[in-house]
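Visitor: whatever this is, show me its structure:
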Amino acid sequence: MRRIVFALVFASSFPALARAAGEPVPAVAPVPIPSALVADGLPHVSRALAAEVARYTEFRSASFVDWHPVDHQMLISTRFGNTQQIHRVKSPGGDRTQLTFAAEPVGNATYEPTAGRYLLFQKDQGGDEFSQLYRQDLADGRITLLTDGGRSQNSNVKWSHAGDRIAYSSTRRNGADSDLYVMDPLNPKSDRRVLSVQGGGWSVTDWSPDDRRLLVVEGVSVNETRLWSIDINDGTKTRVSPDGAEPTVWRSGVFHPDGKQAYVLTDRDAEVAYLALLDLATGKVQRVSAPRSWEVERFDLSHDGATLAFTVNEEGLSKLFLLDTKSGAEREVAAVPVGVIGRTMFHPDGKLLAFSVGSSAAPSDVYTLDLGTGAVARWTESETGGVILALPDPEVVRWKSFDDREISGFLHRPAPRFAGKRPVLVIIHGGPESQARPNFMSRWSYLLDQLGVALLEPNVRGSTGYGKTFVKLDNGMARDGAVADIGALLDWIERQPNLDASRVMVYGGSYGGFMTLASATHYSDRLRGAIDVVGISNLATFLEHTEDYRRDLRRVEYGDERDPKMRAYFDRTAPLANAGKITKPLFVIQGANDPRVPRGEAEQIVAATRKNGIPVWYLLGTNEGHGFNKKENQDYLFFAMIEFLQRYLLPEHETATAAAGRQ
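Guide: Numbering: from 1, shown residues only. Okay, here's the model as predicted:
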């Protein structure tokens with residue numbers, strides 16, 4: 001479950017407010033609610049508030065998607081209208097030419113890998129995550145649906161080396177199992193199922209050099225994956241990852257040029273993942289990257305097999321390394337901007353390495369590294385809505401929890417001009433197998449820059465990035481420990497001279513929404529309120545109603561609701577079962593088409609907490625899924641959230657001051 005992130009054109013969403021930033025707007029009629037949103041229990045959002053916040057919704061970001069197979073041009077993902085779309089950039093700092101114009105977000109795409117004659121991209125409907133594959137011919141713009149167009153999930157596209165076929169996974173057979181398919185995109189009728197599997201965690205990672213086999217990952221849990229070699233002619237599968245004394249991760253497999261070995265990320269006999277070379281016949285594992293305390297998070301192999309580029313996650317920040325596969329020598333690329341690095345990919349000619357990087361000081365943008373000169377070039381420069389921020393860098397903070405275990409997180413302090421103890425919004429990431437990292441705060445910057453609210457992002461037990469022991473600490477009936485980590489964080493806030501423990505609110509999306517609701521039941525007397533975005537209110541009902549292809553993977557993490565003891569634990573500890581303890585205002589946000597956390601999770605907690613006589617706001621997006629992805633919906637949600645914070649988190653004199661500034 002991804003962390004819920006608000007991406008950001010205010011004027012295009014609300015034409016009546018299309019004025020210069022900072023120009024006064026009469027506080028008359030309220031902001032119109034977008035047609036796809038249903039607001040239940042929310043007050044009207046004033047135009048004055050929306051006008052003040054507007055420029056903080058105009059942040060943009062860009063991420064690398066794919067290289068053109070011949071030219072030094074690339075595909076990127078960014079937003080100019082209401083949703084993320086695919087654009088082409090031909091040079092560093094060059095114009096962004098939009099290629100896809102769908103009403104729904106398009107984030108993944110790939111060029112046909114011989115001449116770049118067409119694109120393949122995937123897209124769902126209304127956030128339902130039943131993504132379909134499409135071919136877009138660049139000569140005439142014609143778009144062709146390649147998959148069944150129904151309630152199936154089609155993803156993980158990998159091109160053959162010859163460039164004449166793709167392999168991908170699809171749940172179309174029964175809605176639960178991610179079977180493997182091969183297709184010639186120019187002839188959709190050539191589509192055939194190569195292997196029927198059991199489980200929703202299967203994905204293709206690479207084709208063998210002779211295009212006869214597929215390297216496939218079977219996901220069992222965040223701590224256990226398996227690697228298989230699949231013969232595409234007869235569907236014979238051979239497990240190539242060896243058994244170990246404990247569950248082991250094998251992921252991101254890429255064939256060695258000899259076809260007999262594969263580069264993989266694994267944590268075999270180690271606490272964190274490292275880069276290794278796996279002999280596919282014997283299972284022998286040879287460590288490739290140097291031993292280190294932090295995990296290798298991703299890598300890419302140059303087309304000639306001579307160089308590996310990989311990134312290391314050092315307590316949230318990324319470092320980029322290049323490794324000579326012949327000598328084993330590795331070196332850090334020091335010229336890369338400090339931040340969090342996204343996808344890395346070599347151009348087919350081996351001269352350039354593309355990557356995305358963002359930081360707390362700037363949104364994600366796309367860069368290249370010249371392998372010959374070592375020069376780093378910036379290809380995109382994302383706009384920030386005219387906002388010039390001068391905020392302190394986030395700090396890594398640490399506290400001891402109930403069992404004396406150290407927990408850490410990132411503290412974003414507000415603009416220095418705000419004096420005195422500051423109110424705090426605790427933002428709990430989703431997953432739970434995920435990690436809060438020092439990314440750009442986009443719209444959240446308004447809280448730091450204009451409201452003086454401190455933002456605190458904890459990485460409670462169960463978070464990734466701190467080793468496989470830490471990520472397992474919240475499994476099953478140990479989940480209360482993660483909630484207790486939030487209690488210990490509230491204790492830590494009380495000891496800070498510049499933070500106000502009497503003004504704390506919690507926010508979280510997806511699993512973070514579960515943690516938000518759980519915190520509201522355990523620590524309601526210490527909170528001013530809670531904001532729950534597509535959150536789980538009862539793990540048992542969630543497991544019963546989440547989509548079939550996800551259920552078994554989630555049971556490994558949370559526990560099996562069919563087991564009487566586990567069910568009793570869920571029934572006893574669920575936020576829904578303890579809703580009577582929520583005594584402070586609650587704001588619930590939900591997408592009607594959410595396949596992960598169905599809307600019933602939101603509506604049952606709304607109904608239960610309204611019996612407590614507290615303010616409960618409920619905002620439903622009828623064209624949204626697991627979080628809001630359309631800008632007009634994101635904008636309105638953010639305006640409403642600011643209203644919620646000003647009413648229930650900020651003290652009366654600060655709220656009055658902010659309101660006066662909007663008149």
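
Visitor: for the protein, which strand extends over the most residues?
Guide: If each strand of the chain is counted by residues according to DSSP state E, the longest one is strand 499-509.

Visitor: show me what that strand pairs with in its sheet, parallel or antiparallel.
Guide: Next to strand 499-509 in the sheet, as set by DSSP bridges, lie strand 422-428 (parallel), strand 529-533 (parallel).

Visitor: past that strand, which element shows up next along the chain?
Guide: Once strand 499-509 ends, the next helix or strand along the chain (criterion: DSSP states H and E) is helix 511-522.

Visitor: from the chain's centre, how far out does that next one sit?
Guide: With Cα atoms, centre = their mean, to the nearest Å as the basis, helix 511-522 stands 19 Å off its chain's centre.

Visitor: okay if I get the strands paired with strand 499-509 as JSON lines plus mean pLDDT, mean neighbour count and distance to G93?
Guide: Heads up, the C-betas are built off the backbone N, CA and C, glycines and all. Shown next, in JSON lines, are the strands paired with strand 499-509 (pLDDT from 0 to 100; neighbours: other Cβ atoms under 10 Å; distance: least, Cβ to Cβ, whole Å):
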{"stretch": "strand 422-428", "mean pLDDT": "98", "mean neighbour count": "25", "distance to G93": "33"}
{"stretch": "strand 529-533", "mean pLDDT": "98", "mean neighbour count": "28", "distance to G93": "36"}
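
Visitor: make JSON lines from the ones you listed and add distance to L277 to it.
Guide: Below are the strands paired with strand 499-509 laid out as JSON lines (distance: least, Cβ to Cβ, whole Å):
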{"stretch": "strand 422-428", "distance to L277": "38"}
{"stretch": "strand 529-533", "distance to L277": "42"}
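
Visitor: out of those strands, which is closest to H347?
Guide: With respect to H347, and counting by Cβ to Cβ, the nearest of these is strand 422-428 at 37.0 Å.

Visitor: and this protein, what are its domains?
Guide: The chain breaks down into these domains under automatic domain parsing: 116-378, 394-629.

Visitor: and those domains, which is most packed in?
Guide: Each of the domains of the chain was assessed for mean neighbour count using mean count of other Cβ atoms under 10 Å. The highest is domain 394-629, with a mean of 21.

Visitor: for P32, which of the domains of the chain is the nearest?
Guide: Where those are weighed against each other on Cβ to Cβ, the nearest is domain 394-629, at 14.4 Å.

Visitor: check the offset of that closest one from the chain's centre.
Guide: Averaging C-alpha positions (Cα atoms, centre = their mean) puts domain 394-629 16 Å from its chain's average.

Visitor: reformat the domains of the chain as TSV; add distance to D66.
Guide: What follows is those, written out as TSV (distance: least, Cβ to Cβ, whole Å):
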stretch	distance to D66
domain 116-378	7
domain 394-629	21
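
Visitor: got a list of what P438 touches?
Guide: Contact partners of P438, counting by Cβ atoms under 8 Å, 6 or more residues apart in numbering, are G316, L317, G339, V340, S359, S360, D393, P394, F410.

Visitor: among these, which lie within strands?
Guide: Using DSSP E, the subset of those located in strands is L317, V340, S359, F410.

Visitor: per-residue confidence at the closest residue to the third one other than its chain neighbours?
Guide: This means S359. When the adjacent residues along the chain are set aside, S359 lies closest to G339, with 3.2 Å between them (Cβ to Cβ, 6 or more residues apart in numbering). In this model, G339 is scored at 95, pLDDT.

Visitor: contacting residues around G339?
Guide: Going by Cβ under 8 Å, 6+ apart, G339 touches L317, S318, V357, G358, S359, S360, A362, P438, N439.

Visitor: tabulate the residues you listed in a markdown table, adding columns for pLDDT and distance to L180.
Guide: A markdown table is the format used below for these (pLDDT from 0 to 100; distance: Cβ to Cβ, whole Å):
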| residue | pLDDT | distance to L180 |
| --- | --- | --- |
| L317 | 96 | 36 |
| S318 | 97 | 31 |
| V357 | 97 | 33 |
| G358 | 95 | 33 |
| S359 | 93 | 38 |
| S360 | 90 | 40 |
| A362 | 90 | 39 |
| P438 | 93 | 37 |
| N439 | 92 | 34 |
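
Visitor: closest to L490 among those?
Guide: Checking these against L490 by Cβ to Cβ gives P438 as the nearest, at 22.1 Å.

Visitor: check which helix or strand covers the closest one.
Guide: Once you assign secondary structure using DSSP H and E, P438 falls outside every helix and strand.

Visitor: for V396, see how far away it is.
Guide: 9 Å (Cβ to Cβ, to the nearest Å).

Visitor: with R526 instead?
Guide: R526 sits 24 Å away from V396 when distances are taken as Cβ to Cβ.
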